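[1] coordinates for the following, if possible.
(one chain, ligands or ions: 1)
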Amino acid sequence: MNSNKIPEPALRRLPWYLSYVKLLKSQGEKYVSSTKIAKKIDVSASQIAKDLSFVEISGKTRVGYDIDELINVLDTFLGFKVIHKAVLFGVGSLGAALLSDSGLEQYGLKIIAGFDVNKSVVDTKIHDIPVYHSDEFIQMNKEIDAEIGILTVPSGVAQEVSDYMISGGIKGVWNFTPFRIRVPSGIVLQNTSLYAHLAVMFNRLDS
Ligand SMILES: NC(=O)c1ccc[n+]([C@@H]2O[C@H](COP(=O)([O-])OP(=O)(O)OC[C@H]3O[C@@H](n4cnc5c(N)ncnc54)[C@H](O)[C@@H]3O)[C@@H](O)[C@H]2O)c1
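    Sure thing, here's the model as predicted:
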């Protein structure tokens, strides 16, 4: 298994296969072929077989992949089985919604604490997750040891808050702000924007 070598498009497709085979398992299926996955997902069977060649699993002739084994190797390969500790900066409408999303933990992301500067949210709990003042982060992260920082602050402070999280030991920044923040080499940056996807949908609807 070599996760460094897998191309990003293949890596992005693996969760689709995982969610489909989990559905098949819930329907009592034991085996699945790449042809069967291909029929449901708009990806060719040969592409699926190629993508799955990056994970340590081999199909059986005629029956295909053992579903339990496939779920297990995909969950492991994608990092969903290991709990990654995270903190979240900016407990506003988006940040609070993410703190309330118990689905993230099923994908291996455990948000340990939220941080904000607004007195009305500091020292509260959202979905049982404590919210602290941002100034407390550096000291607290020596204990929490979170490696992922979720950024849901206003764009105007995105860069400074990102720098601050990194100075406190954060190794990966999940940036939800529309600001193109910069991170030092060695720090992983993932930008996520609902709005960018919406723009693509509008553009396609209008054309
Ligand atoms: N990626 C997406 O799809 C998506 C969707 C919605 C919003 N957003 C972006 O997410 C961000 C938050 O949006 P929102 O609607 O939740 O805003 P919001 O105003 O409701 O929340 C922002 C929070 O950040 C806090 N904050 C401000 N300065 C801070 C600092 N220095 N340290 C810590 N916390 C600080 C504020 O007190 C507030 O609680 C914005 O940048 C917005 O553009 C992105």
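
[2] contact partners for Ile129?
    Applying Cβ atoms under 8 Å, 6 or more residues apart in numbering to Ile129 gives the contacts 99, 111-114. In this view, the C-beta of every residue, glycine as well, is placed from N, C-alpha and C.

[3] what's the farthest-apart pair in these?
    Leu99 and Ile112 (10.5 Å; Cβ to Cβ).

[4] quick one: which of these two has more around it?
    Remark: of Leu99 and Ile112, Leu99 carries more neighbours, 23 against 17, as counted by other Cβ atoms under 10 Å.

[5] isn't the more buried one right up against Phe115?
    No. In this structure, Leu99 is not within contact of Phe115 by Cβ atoms under 8 Å, at 11.1 Å.

[6] what touches both of the two?
    88, 91.

[7] in this protein, what residue comes closest to the ligand?
    For the chain, the residue closest to the ligand is Gly92, as judged by Cβ to the nearest ligand atom, at 1.6 Å.

[8] about what we covered before: from the contacts of Ile129, which ones fall inside helices?
    Leu99 (DSSP state H).

[9] I'd like the contacts of Ile129 laid out as JSON lines, including distance to the ligand.
    Formatted as JSON lines, the contacts of Ile129 follow (distance: Cβ to the nearest ligand atom, whole Å):
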{"residue": "Leu99", "distance to the ligand": "11"}
{"residue": "Ile111", "distance to the ligand": "14"}
{"residue": "Ile112", "distance to the ligand": "16"}
{"residue": "Ala113", "distance to the ligand": "12"}
{"residue": "Gly114", "distance to the ligand": "9"}
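
[10] tell me which of the contacts of Ile129 fall in strands.
    Per DSSP state E, strands hold the following members of those: 111-114.

[11] most neighbours of all the residues you listed, which one?
    Gly114 (27 neighbours).

[12] and that residue, what does it touch?
    Residues in contact with Gly114 (Cβ under 8 Å, 6+ apart) are 87-89, 91, 95-96, 99, 121, 126, 129-132.

[13] and if you look at Trp16?
    41, 43.

[14] what's stretch 54-70 in contact with?
    Under Cβ under 8 Å, 6+ apart, the answer for stretch 54-70 is 1-3, 5-6, 10, 14, 17, 21, 24-25, 29-36, 49, 52, 73-74, 77.

[15] can I get that stretch in CSV? Just the C-alpha atoms.
    Taking Å, rounded to 0.1, in the frame of the first residue of the first chain, the C-alpha atoms of stretch 54-70 are listed here in CSV:
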residue,chain,number,x,y,z
PHE,A,54,-3.6,1.2,-5.1
VAL,A,55,-5.2,-0.5,-2.1
GLU,A,56,-4.2,-3.9,-0.9
ILE,A,57,-7.0,-6.1,-2.2
SER,A,58,-7.4,-8.6,-4.9
GLY,A,59,-10.7,-9.8,-6.3
LYS,A,60,-11.7,-13.4,-6.8
THR,A,61,-12.3,-14.6,-10.3
ARG,A,62,-16.1,-14.6,-11.1
VAL,A,63,-17.3,-13.3,-7.7
GLY,A,64,-15.2,-10.1,-7.4
TYR,A,65,-14.2,-8.4,-4.2
ASP,A,66,-15.2,-9.6,-0.7
ILE,A,67,-17.3,-6.7,0.6
ASP,A,68,-16.2,-6.9,4.2
GLU,A,69,-12.6,-6.9,3.2
LEU,A,70,-13.1,-4.1,0.7
